[in-house]
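Trainee: Dropping the sequence and predicted coords here.
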Amino acid sequence: MHDARCTILGTQRRHALWHWGRAGGCHAALGLAFPTSRGCSGSTASNSPRLAARRVLRALESANPSLASTWLALFGTPHCTPSTRIERHFFSQELLPRGIVQAVVIAQPGRVVPFFGLTFALTWGLQVPGVLAERGLLPGSPNAYLPFAGLGIFGPCVAAIILSRRAGGSAAVKELVAPVLHWRGPLRWTVAAVLPAVLLTVALYGLSFAGRRGPIAIVPGTSAIVVGLVISVTEEIGWRGFALPRLQHRWGSVAASGILGVAWCLWHIPMFIGQGLSLSLMPVMLLFFTGGSLLFTAIYNGTHGSLLVVILAHWCAHLNNSHRALPGDMVPLLVHATILAALGLFAMRRSKRPRQHINPNE
C-alpha cells in the first residue's frame, strides 16, 4: 500500500499544478496531492478540499513549523476532522511535492487581501484619472472623467462578485448577495441603524443654543437619496458581505472592524480630493469610518448576518450626511464621527458574532 501511494504521488506531481489551474484554485491540487485512506485514486480528497487542506497543515506542522506558521497567518485553519498519520510520513520523507504546497500558498481567490487589492484597483483606477485631470496632470476636462469616477463606487461589489465566482461559481455569488434581502434579528438593531442620523440632528439642535449657526439636518435632494441607496447596497455587498466574515474569522470582531474601517476610509481618498477636501481631515475621517465600521459590524452580527439592516444604516448616513457641510463647517462631521464611535463601541458589547459557516478560503 505504501508503494502504491508513493506511485500515485509520483505520477501526479507533474500534473497537479495543471489541474490546480484548471480547477480555479488550490483545492484541486490538494485533492491530487493526497490519496485517501480508503484507496489510492485521490478522488475523495479532491471532493473534500477542507480535509485535504487540514492534512497539508498537519503535515507542515510536523515537518516544517515555520511554513505551517506562514500557512496559518495567511489562510487560518481549515475546519474539518484530520486524518494525518500517513500524510505526515509522506511529507517527512519528502514524498509530498513542495511545488504544490507553494502553489497552494500563492493563490487563494477568496482571501481578503486580494479583495482589497482588486477593490482599490477598480475604484482608484476609475477615479484617480479625474483627480489628475482636475489638477492639469492629464489632458481634457475633468467633467469628461466623471462617468468613470461614478462607476468607481461599484468597486467593492464587483471585486466581491469576481472573487466569489472564481472560488465557488454562481452558487457562491448567490450566497454573497442573498443577505441583501434578509431582514433578521431583534428590532433594536433596526433602531441602531437609524439612531446615528437622529442623534446627529439632536446634537446639532442642542449646539444651536450654544451659538452654532447652521442647519440641524443635512438632507440631500431626491436624486442624491437614490444615489445614496445605490452606494449603500454596492458597498455593503463588498465590505460587510464579503470582507467582514473573513476578517472576523481570522481576527475577531473588534480588530476586523478596525481593519475594515481603515481600508474603507482610505478607499474614499480620491472622492475626498475630488470634492475639494483637504487630507488634513483624515484623522476625523478615520474616526468616522472606524466608528461606523464598529457599529455596522455590531448590526451585522446582531442580525445574524443581515446585509439589509446594515444597508439601512449606511443609507441613513447619506440621508443626514455630515460630509455635505464640508469644507466650510466641520462641526457636523466631528459630531457624527463621535456618535458613530460611541454607538459602535457600545453596540459591540451587545452583539455576538453569528454562528454561520465561514470558509475564508472560498
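Mentor: Cool, the structure landed.
Trainee: pLDDT at residue 47, what is it?
Mentor: On pLDDT, residue 47 comes in at 42.
Trainee: wait, residue 32
Mentor: The model's pLDDT for residue 32 equals 31.
Trainee: With residue 297 instead?
Mentor: Model confidence at residue 297 (pLDDT) stands at 97.
Trainee: give me every residue that touches it.
Mentor: Contacts of residue 297 were listed using Cβ atoms under 8 Å, 6 or more residues apart in numbering, and they are 240, 244, 248, 253, 256-257, 260, 344, 348, 351. Where you see a C-beta, it was placed from the backbone N, CA and C, and this is true even at glycine.
Trainee: Next, work out how far apart it and residue 258 are.
Mentor: Going from residue 297 to residue 258 by Cβ to Cβ, to the nearest Å gives 10 Å.
Trainee: same check, this time on residue 126
Mentor: The gap separating residue 126 from residue 258 is 27 Å, by Cβ to Cβ.
Trainee: Neighbour count for the two, which is higher?
Mentor: residue 126 (20 against 17; other Cβ atoms under 10 Å).
Trainee: hmm, back to that, filter the contacts of residue 297 down to the buried ones.
Mentor: Neighbour counting with 16 or more other Cβ atoms under 10 Å marks 240, 244, 248, 253, 256-257, 260, 344, 348, 351 as buried within the contacts of residue 297.
Trainee: could you dump these to TSV with distance to residue 139?
Mentor: Output for the buried ones among the contacts of residue 297, formatted as TSV (distance: Cβ to Cβ, whole Å):
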residue	distance to residue 139
240	39
244	40
248	45
253	47
256	42
257	42
260	37
344	44
348	48
351	50
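Trainee: Return the subset of those residues lying in helices.
Mentor: Within those, residues falling in helices by DSSP state H are 244, 248, 253, 256-257, 260, 344, 348.
Trainee: Would you mind checking which of the residues you listed is nearest to residue 283?
Mentor: Proximity of these to residue 283 (Cβ to Cβ) peaks at residue 344, which lies at 16.8 Å.
Trainee: Contacts only, for that closest one.
Mentor: For residue 344, the contact set (Cβ under 8 Å, 6+ apart) comprises 257, 290-298.
Trainee: how about the nearest residue to it, chain neighbours excluded?
Mentor: Closest residue to residue 344 apart from its sequence neighbours, by Cβ to Cβ, 6 or more residues apart in numbering: residue 294 at 2.8 Å.
Trainee: I'd guessed the one you found sits against residue 256; true?
Mentor: No. With contact defined as Cβ atoms under 8 Å, residue 294 does not reach residue 256; the gap is 9.9 Å.
Trainee: that older thread, least confident pick among the contacts of residue 297?
Mentor: Minimum pLDDT for the contacts of residue 297 is recorded at residue 351 (75).
Trainee: My read is that it contacts residue 306, right?
Mentor: No. Applying Cβ under 8 Å as the test, residue 351 and residue 306 come out as separate, 12.0 Å apart.
Trainee: Identify the contacts common to those two.
Mentor: Common contact partners of residue 351 and residue 306 (Cβ under 8 Å, 6+ apart): residue 299.
Trainee: what's near enough to touch residue 253?
Mentor: Each residue near residue 253 by Cβ under 8 Å, 6+ apart is listed here: 297-298, 301, 348, 351, 353.
Trainee: roughly how far apart are it and residue 217?
Mentor: Distance of residue 253 to residue 217, given as Cβ to Cβ: 31 Å.
Trainee: go on, residue 336?
Mentor: Taken as Cβ to Cβ, the span from residue 336 to residue 217 is 12 Å.
Trainee: CA-only coordinates of stretch 121-129 in PDB, if you can.
Mentor: Output in PDB follows, covering the C-alpha atoms of stretch 121-129 (Å, rounded to 0.1, in the frame of the first residue of the first chain):
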ATOM      1  CA  ALA A 121      -7.600  48.900  -8.300                       C
ATOM      2  CA  LEU A 122     -11.100  49.200  -9.700                       C
ATOM      3  CA  THR A 123     -12.100  52.300  -7.800                       C
ATOM      4  CA  TRP A 124      -8.900  54.200  -7.900                       C
ATOM      5  CA  GLY A 125      -8.300  53.200 -11.500                       C
ATOM      6  CA  LEU A 126     -11.600  54.800 -12.400                       C
ATOM      7  CA  GLN A 127     -11.400  57.900 -10.100                       C
ATOM      8  CA  VAL A 128      -7.800  58.900  -9.900                       C
ATOM      9  CA  PRO A 129      -7.600  60.000 -13.600                       C
END
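Trainee: in that stretch, what counts as buried?
Mentor: In stretch 121-129, counting by 16+ other Cβ under 10 Å, buried: 122-124, 126-129.
Trainee: Now the two most distant members of the residues you listed.
Mentor: Top of the distance list for the buried residues of stretch 121-129 (Cβ to Cβ): 122 and 129, 13.0 Å.
Trainee: For stretch 141-151, list every residue counted as buried.
Mentor: Across stretch 141-151, burial judged by 16+ other Cβ under 10 Å covers 142, 145, 149.
Trainee: if I read this right, the first one contacts residue 134, doesn't it?
Mentor: Yes. Under the contact definition of Cβ under 8 Å, residue 142 touches residue 134, with a separation of 4.3 Å.
Trainee: so where do the helices sit in the stretch 251-362 of the chain?
Mentor: Along the stretch 251-362 of the chain, counting by DSSP state H, counting those that start in this stretch, helices occupy 253-267, 269-274, 282-302, 307-319, 331-348.
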